[in-house]
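Undergrad: only geometry, no sequence info:
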C-alpha cells in the first residue's frame with residue numbers, strides 16, 4: 001500500500017477517529033467505532049458549517065439576481081462581449097459571486113476520498129502503522145484478500161470495527177446502502193421545498209418546466225447513485241455519508257428557522273428603506289413645487305400690490321386734478337361776481 005496525495009487529510013482524520021474511539025472504547029460503550037465515525041462526521045460537518053451558510057446566502061442572492069441575468073441575456077444575446085461586460089457590472093453592483101455556492105461541495109470531495117482511505121486502510125490512518133508495514137503484510141495477496149488481511153490485522157491490534165453486527169471496514173450490501181439512498185432523497189427533497197417556501201424569488205426563477213425537470217431528475221438519480229456507490233465502498237464510509245445527509249437536513253432546518261428568516265427580515269428592511277427613500281424624494285419634489293408656487297404666488301401678489309398702488313396713486317392724482325379744476329372754477333366765479341358788483345356800483349353813481 002502506497003502513500004496517496006490525500007494523506008495530508010487522511011492521516012489527521014484517522015488520528016481524530018482513533019482518539020474518539022479510544023475514549024468511547026475506554027468507557028466500554030458498545031459499537032465504539034461506529035459511534036466514533038458518527039461523531040467524526042458531526043465534527044467535520046460542523047467545521048464546514050460557515051461554508052454552508054455562505055452557500056445559503058449565495059443561493060438567496062442568486063435568486064435575486066436571476067431575473068436581471070435573464071434580462072441581460074435576452075437583451076445582448078447577439079453580443080457576447082457586451083453580455084459579459086453587463087454581467088460583470090451586475091456582479092459588482094450586487095456583490096454576487098457565481099462560484100461562491102460551489103465551495104461546500106468542492107471541499108467535501110477530497111474529505112470523502114480521504115475517509116475512503118481511512119476506512120479501507122485503518123492500519124495506516126487509524127493505528128499509525130507505516131505504508132511499508134502494510135505492504136509487507138499483504139505481500140503476495142490480491143483483490144479482496146488485501147482488504148481482509150488489513151482488517152484482520154487491525155482487529156488483532158485491538159481495533160473493534162463492528163457496529164450493530166456490521167464490520168465497518170467491509171462492504172455492507174443491504175441496510176446501509178438503503179439508508180444512504182433514503183437519506184439522500186430526504187435531503188434533496190427537504191432542501192428544494194425549503195427554497196420554494198422561504199425564497200419566493202428562487203421559486204419563481206425555478207418555475208419553468210426545464211428547471212422543475214432537473215429537480216425531479218436529481219431527486220431520483222442522486223439517491224440511486226448514492227445506493228450503488230454504497231455497495232462498492234467500506235461500510236464506515238456509508239455511515240459517514242448517511243450521517244452527512246441527516247446533518248444536511250438538520251442544517252437546512254436551522255437555515256429555515258435562522259438564516260432564511262434573517263435574510264427575509266433583511267430584505268424587508270431594505271425594501272422599507274427604499275420606500276422611505278422614495279417617499280422622501282417624492283416629498284422633496286412636492287416641497288420644490290410648493291416653493292416654486294409660493295414664489296410665483298409672491299411675485300404675482302407683489303405685482304398685484306404694485307398695480308393696486310399705481311391705481312390708487314392715479315386715483316389720488318385724478319382727485320387732485322378735479323379739486324384743482326373746482327378751485328379754478330370757484331376763482332372764476334368769484335372774479336365774475338366781483339366784476340358784476342363793481343359795474344353795478346358804477347351805474348348807481
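TA: All right, it came through fine. Bear in mind the structure is a predicted one, so any value in this text is a computation, not a measurement.
Undergrad: only C-alpha atoms for contact and neighbour calcs from this point on.
TA: Will do.
Undergrad: in the stretch 201-349 of the chain, where is pLDDT below threshold?
TA: 201-213, 259-267, 285-305, 340-349 (pLDDT under 70).
Undergrad: show me where it has helices.
TA: 209-230, 235-254, 260-348 (DSSP state H, counting those that start in this stretch).
Undergrad: and for the stretch 1-150 of the chain?
TA: Under DSSP H, counting those that start in this stretch, the stretch 1-150 of the chain gives helices at 7-26, 32-75, 80-94, 103-120, 122-125, 131-137, 144-156.
Undergrad: pick the most deeply packed of these.
TA: Mean neighbour count (mean count of other C-alpha atoms under 10 Å) peaks for helix 122-125 among those, with a mean of 25.
Undergrad: and that one, average pLDDT?
TA: Helix 122-125 shows an average pLDDT of 91 in the prediction.
Undergrad: mind giving me the packing neighbours of that helix?
TA: Applying 3 or more C-alpha pairs under 8 Å, 6 or more residues apart in numbering; DSSP states H and E, one finds that helix 122-125 contacts helix 7-26, helix 103-120, helix 131-137, helix 144-156.
Undergrad: between those helices, which one is nearest to residue 339?
TA: helix 103-120 (127.1 Å; C-alpha to C-alpha).
Undergrad: what's the angle between the closest one and helix 7-26?
TA: Helix 103-120 and helix 7-26 meet at an angle of 60 degrees, taking axes from the mean of the first three to the mean of the last three C-alpha atoms, to 10 degrees as the criterion.
Undergrad: packing partners for helix 103-120?
TA: Helix 103-120 packs on helix 7-26, helix 32-75, helix 122-125, helix 235-254, going by 3+ C-alpha pairs under 8 Å, 6+ apart.
Undergrad: ok, residues contacting that helix?
TA: 6-7, 9-11, 13-14, 48, 51-52, 55, 124-126, 147, 168-170, 233-234, 236-237 (C-alpha atoms under 8 Å, 6 or more residues apart in numbering).
Undergrad: so what's residue 147 up against?
TA: Taking C-alpha under 8 Å, 6+ apart, one finds 120-121, 170 in contact with residue 147.
Undergrad: give me that answer again for 10 Å
TA: Neighbour list for residue 147: 120-121, 138, 141, 153, 169-170, 234 [criterion: C-alpha atoms under 10 Å, 6 or more residues apart in numbering].
Undergrad: with residue 93 instead?
TA: residue 87.
Undergrad: and it, how far from residue 65?
TA: 10 Å (C-alpha to C-alpha, to the nearest Å).
Undergrad: in CSV: the helices and strands packed on helix 103-120, plus distance to residue 194.
TA: Formatted as CSV, those follow (distance: least, C-alpha to C-alpha, whole Å):
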stretch, distance to residue 194
helix 7-26, 32
helix 32-75, 11
helix 122-125, 39
helix 235-254, 8
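Undergrad: now the helices and strands packed on helix 122-125 in CSV, with distance to residue 218?
TA: Formatted as CSV, the helices and strands packed on helix 122-125 follow (distance: least, C-alpha to C-alpha, whole Å):
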stretch, distance to residue 218
helix 7-26, 29
helix 103-120, 15
helix 131-137, 39
helix 144-156, 33
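Undergrad: out of those helices, which is closest to residue 69?
TA: That would be helix 103-120 among the helices and strands packed on helix 122-125, by C-alpha to C-alpha, at 21.8 Å.
Undergrad: tell me the angle the closest one makes with helix 235-254.
TA: Going by the same axes, to 10 degrees, helix 103-120 makes 150 degrees with helix 235-254.
Undergrad: the inter-axis angle of helix 103-120 versus helix 32-75?
TA: Here helix 103-120 runs at an angle of 150 degrees relative to helix 32-75 (the same axes, to 10 degrees).
Undergrad: list the buried residues in stretch 310-319.
TA: Within stretch 310-319, no residue qualifies as buried by neighbour count (16 or more other C-alpha atoms under 10 Å).
Undergrad: which residues touch it?
TA: Outside stretch 310-319, the residues touching it (C-alpha under 10 Å, 6+ apart) are 304-309, 320-325.
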